[in-house]
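Visitor: Compute the structure for the input listed below.
(chains A, B, C and D)
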Number of protein chains: 2
Amino acid sequence: MTSEDIAGGRAAARRSVNPTVHDVALEAGVSPMTVSRVLSGGKNVRTELQDKVWRAVETLGYHRNENARSLRPGHRSGLVGVTITNIANPYYAEMLRGVEEIASANGRRILVGNSNEDADLERQLVADFIGRRVEGLIVVPSSTGDGAHLQGERLGGAPLVLASRAVAGVDVDTVLIDDVAGARAATARLLAEGHRRIAFLGNRSSVFTGRRRLDGFTLAHHDVGVEPLADLIRLGQQDVGAAEHAMADLLDLPQPPTAVFGANNRNTVGAIRAIVARRRSADAAGATSAEIRVAGFDSFDFADIAPVRLSVVDHDAGDLGRRAAAMLFEHLDGAPAAGSARVVELPVTLRDLF
Amino acid sequence: MTSEDIAGGRAAARRSVNPTVHDVALEAGVSPMTVSRVLSGGKNVRTELQDKVWRAVETLGYHRNENARSLRPGHRSGLVGVTITNIANPYYAEMLRGVEEIASANGRRILVGNSNEDADLERQLVADFIGRRVEGLIVVPSSTGDGAHLQGERLGGAPLVLASRAVAGVDVDTVLIDDVAGARAATARLLAEGHRRIAFLGNRSSVFTGRRRLDGFTLAHHDVGVEPLADLIRLGQQDVGAAEHAMADLLDLPQPPTAVFGANNRNTVGAIRAIVARRRSADAAGATSAEIRVAGFDSFDFADIAPVRLSVVDHDAGDLGRRAAAMLFEHLDGAPAAGSARVVELPVTLRDLF
DNA sequence: TCGCCGGTTGTTATCGTTACCAAGCAACGG
DNA sequence: CCGTTGCTTGGTAACGATAACAACCGGCGA
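Guide: Below is the predicted model of the structure:
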């Protein structure tokens, strides 16, 4: 068996396996180094050889092995790791799209992991991403656990940007929604309309945004010199069903609220459902039910067809992602982060949907 | 300068750079080979040395370089590439979560790209993923372009699974929603109730799902021996506004429809809005307006409290993703796909929301 | 004519990891 | 007491790509 036989056999086998520069070189009748040069621009290679190489690449269906490439010193992986507490949440999906957009524009690809609000899973994801030599990380931190695994020393030198939530003790660039101002503005609107019994449906205050939105709710009350009513505040509803139940509960009070603020879209939707259900049963009984005013943080699909007077605090999740990615790439391509960590709070707008 | 000085200097420099097995070996006072063995289970290594190695790993913050690892023959990259036409679409976000769930369970990570319905971008993403040696690909194909870049020879041996949409000429495993059956069942329900003037609001028929849902609509008519009314079919509405306008237009006909089928949630919501607006203006004028029956593909928030008689075709995007991923892993871990490509159509359920 | 230059091509060594082989050592049976 | 076995450890080479260097070529000025 001659070496040509071997080469021939190899070329045939290539049909389903990944060819290498060596295979392309063989096919084109040049050295691997020439192939490499052609693939990275063709500087100082005769046009004739370049054509030969490109033809061979085409014939064999060659794709440069990026993993091998990134092994060489000075070479970057072209990867950015993204962990999100729940990819299926439309809000974070929109954010992810923003991240992808900026990453793509900078020639990077994104590795995506779902942490499911589990700090341990998040730790594993981050460790795995570091092992894959991501150039940087964008993390929506889970609400559980300390941020020990996000401390710089553990990250193998990859810069980190936190999105949507901050983590105590982790001093890195962070992009947030202005939760406090948004909740404050929405609550102020309800107060300005004369409401004084305003319910609050939100996350446990251990959740970063949950705490901040409750803060905004409280501040708005203080702004007009009143205290929020503690018995109208319900925390910890994780899904629409729980929120609906909590709202129904509030409507059963001897003195029910006249307005409600949903601290996220699940709670807002649940509240609306409970209100509509109550209205229907009242109608059926020939009774009248008081109109409940609703405001909520986050918009949601078809918020504008909600059958109540509704205002929402709107914000651009895509922008959140784009900003986070942009900050990350400043670390990667630009200066080595001279000053300390920056915290950006993105503005929100209050919209009336009636 | 002694070699210890060099080692010391190196260890200090490691603070921000990624250490290697060699560094760990130096720190633990063993050979790189022993480190490697410990990291892959510690089979045939003294417990004492294992401890030393783990301590060194901890001290240096070492993470095994997966890219270098995957270079070795027989080793897999642990990556799956996913391209989606629009990550921000809640439906595909839910699907992505399903894919991530199964991929994670199989020890793989996902590379995610947004093709933005652009076949050329999709081609670039796929080529890049192949270059990163993904073990397989899950693609929601863009509605533009032929599937030339999805032909097997171009994929470097990585199996491909199509999700949500099929591509003519690309004979690979595909997971679809049963668009035809869903549209057929919903339309059949309307026909069974006696409706004979049923409007259709949907996508351009160049969109895969658009065509299939219209097919289902047509089949249901043929099932009862009637023809769909061409002048009640409106295609190409991309958003709620356009759908509302189209429906208003239909209601203005001398013989308006008595029922309407929305081929996706945007069209269904638009239809409902037009119907409600018409009802209000009729009420205001003291006139009566005919009740219009509504059915739609996809559910949406508040579908169950819509102010019309509504039925929706429900389906599980997460399941779509899980099934697609499961099929991919059958190719990866199991048999080498003896038979020809499978096409799975996930069942849908028709729900009455009144 | 000789030596140098710039353009072109190939050879070598290396990135981080690990399969494979070889070597060292203690225990054990003959 | 020696050969064998099994456990432990380290050296070497290779995965794929490419910087760095070396080699070669034709052309040009001295």
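Visitor: What ranges does chain A have for its strands?
Guide: Using DSSP state E, the strands found in chain A span residues A:79-84, A:109-114, A:136-139, A:160-163, A:174-177, A:198-202, A:233-235, A:259-262, A:293-297, A:310-314, A:343-346, A:349-352.
Visitor: could I get those as a markdown table with mean neighbour count and distance to chain B?
Guide: Just so you know, the C-beta spots here come from the backbone N, C-alpha and C atoms, and that holds for glycine as well. Conversion of those to a markdown table gives the following (neighbours: other CB atoms under 10 Å in any protein chain shown; distance: least, CB to the nearest CB, whole Å):
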| stretch | mean neighbour count | distance to chain B |
| --- | --- | --- |
| strand A:79-84 | 28 | 8 |
| strand A:109-114 | 24 | 5 |
| strand A:136-139 | 26 | 13 |
| strand A:160-163 | 27 | 13 |
| strand A:174-177 | 24 | 17 |
| strand A:198-202 | 26 | 16 |
| strand A:233-235 | 19 | 21 |
| strand A:259-262 | 30 | 13 |
| strand A:293-297 | 26 | 12 |
| strand A:310-314 | 23 | 11 |
| strand A:343-346 | 15 | 17 |
| strand A:349-352 | 13 | 16 |
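Visitor: Select, out of those, the one closest to DNA strand C.
Guide: Shortest distance between DNA strand C and the strands of chain A, using CB to the nearest atom of the strand, is found for strand A:79-84: 15.4 Å.
Visitor: you'd agree residue A:164 is up against residue A:179?
Guide: No. With contact defined as CB atoms under 8 Å, residue A:164 does not reach residue A:179; the gap is 9.5 Å.
Visitor: hey, what's in contact with both of those two?
Guide: Common neighbours of residue A:164 and residue A:179 are listed as residue A:209 (criterion: CB atoms under 8 Å, 6 or more residues apart in numbering or on different chains).
Visitor: To residue A:222, which of the strands of chain A lies closest?
Guide: Smallest distance to residue A:222 across the strands of chain A (CB to CB): 13.2 Å, for strand A:198-202.
Visitor: relative to strand A:293-297, how tilted is that closest one?
Guide: Using axes from the mean of the first three to the mean of the last three CA atoms, to 10 degrees, one finds that strand A:198-202 and strand A:293-297 are set 30 degrees apart in direction.
Visitor: Show me what strand A:198-202 is in contact with.
Guide: Contacts for strand A:198-202 (CB under 8 Å, 6+ apart): A:187, A:190-191, A:210, A:213-214, A:217, A:228-229, A:232-235, A:237, A:243, A:246-247, A:250, A:257-264, A:267-268, A:270-271.
Visitor: Nearest to DNA strand C: which residue in the stretch 151-300 of chain A?
Guide: Counting by CB to the nearest atom of the strand, the stretch 151-300 of chain A gets nearest DNA strand C through residue A:156, at 10.6 Å.
Visitor: mind listing what that residue touches?
Guide: A:130, A:133, B:18, B:61, B:63.
Visitor: Look at the fourth one and say how many residues are nearby.
Guide: The number of residues packed around residue B:61, counting by other CB atoms under 10 Å in any protein chain shown, is 18.
Visitor: contacting residues around whatever residue of chain A ends up closest to chain B?
Guide: Taking CB to the nearest CB as the measure, the point where chain A comes nearest chain B is residue A:93, at 3.3 Å. Applying CB under 8 Å, 6+ apart, we find residue A:93 in contact with A:87, B:87-90, B:92-93, B:96.
Visitor: Need the strands of chain A in TSV (columns: distance to residue A:320 and mean pLDDT).
Guide: Listed next are the strands of chain A as TSV, based on distance: least, CB to CB, whole Å; pLDDT from 0 to 100:
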stretch	distance to residue A:320	mean pLDDT
strand A:79-84	11	98
strand A:109-114	15	98
strand A:136-139	10	97
strand A:160-163	6	96
strand A:174-177	6	96
strand A:198-202	19	97
strand A:233-235	24	97
strand A:259-262	20	98
strand A:293-297	14	96
strand A:310-314	13	96
strand A:343-346	6	95
strand A:349-352	14	96
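Visitor: Compare the ones you listed and give me the one nearest residue B:224.
Guide: strand A:310-314 (41.5 Å).
Visitor: the inter-axis angle of the closest one versus strand A:293-297?
Guide: In terms of direction (the same axes, to 10 degrees), strand A:310-314 departs from strand A:293-297 by 10 degrees.
Visitor: Can you list the strands that strand A:310-314 pairs with?
Guide: In the sheet, strand A:310-314 lines up against strand A:293-297 (parallel), strand A:349-352 (antiparallel) (DSSP bridges).
Visitor: For the residue of chain A closest to chain B, give me the pLDDT.
Guide: Turning to residue A:93, the model gives it a pLDDT of 95.
Visitor: Show me what residue A:82 is bridged to.
Guide: Residues in a beta bridge with residue A:82, per DSSP bridges, are residue A:112, residue A:138.
Visitor: check contacts around it.
Guide: So residue A:82 contacts A:96, A:99, A:110-113, A:137-139 (CB under 8 Å, 6+ apart).
Visitor: cool, residue A:203 as well?
Guide: Per CB under 8 Å, 6+ apart, neighbours of residue A:203: A:143, A:209-210, A:213, A:235-237, A:263-264.
Visitor: Please apply the same query to residue A:341.
Guide: Contacts were defined as CB under 8 Å, 6+ apart; by that measure residue A:341 touches A:171-174.
Visitor: are any of these buried, and which?
Guide: Buried by 16 or more other CB atoms under 10 Å in any protein chain shown: A:172-174, out of the contacts of residue A:341.
Visitor: Just give me the closest of those residues to residue A:314.
Guide: Lowest distance from residue A:314 to the buried ones among the contacts of residue A:341 (CB to CB) belongs to residue A:174, with 21.2 Å.
Visitor: thought the closest one was touching residue A:162?
Guide: Yes. With contacts counted by CB under 8 Å, residue A:174 reaches residue A:162, the gap being 4.3 Å.
Visitor: ok, back up a step: just flag the most distant two among the contacts of residue A:82.
Guide: Greatest spatial distance in the contacts of residue A:82: A:96 and A:137, 13.9 Å, computed using CB to CB.
Visitor: Show me the shaky parts of chain A.
Guide: Flagging of chain A using pLDDT under 70 yields the residue ranges A:1-16, A:153, A:335-339.
Visitor: Do a quick rundown of the helices in it.
Guide: A:3-13, A:21-28, A:32-39, A:47-60, A:66-71, A:90-105, A:119-131, A:179-192, A:208-223, A:240-251, A:265-284, A:317-333 (DSSP state H).
Visitor: Any part of the longest one near chain B?
Guide: What that stands for is helix A:265-284. Yes. Using CB under 8 Å from any CB of the partner chain, helix A:265-284 reaches chain B at A:269, A:272-273, A:276.
Visitor: I'd like those as a markdown table, with neighbour count and distance to residue A:304 appended.
Guide: Below are those laid out as a markdown table (neighbours: other CB atoms under 10 Å in any protein chain shown; distance: CB to CB, whole Å):
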| residue | neighbour count | distance to residue A:304 |
| --- | --- | --- |
| A:269 | 23 | 13 |
| A:272 | 28 | 12 |
| A:273 | 22 | 16 |
| A:276 | 19 | 16 |
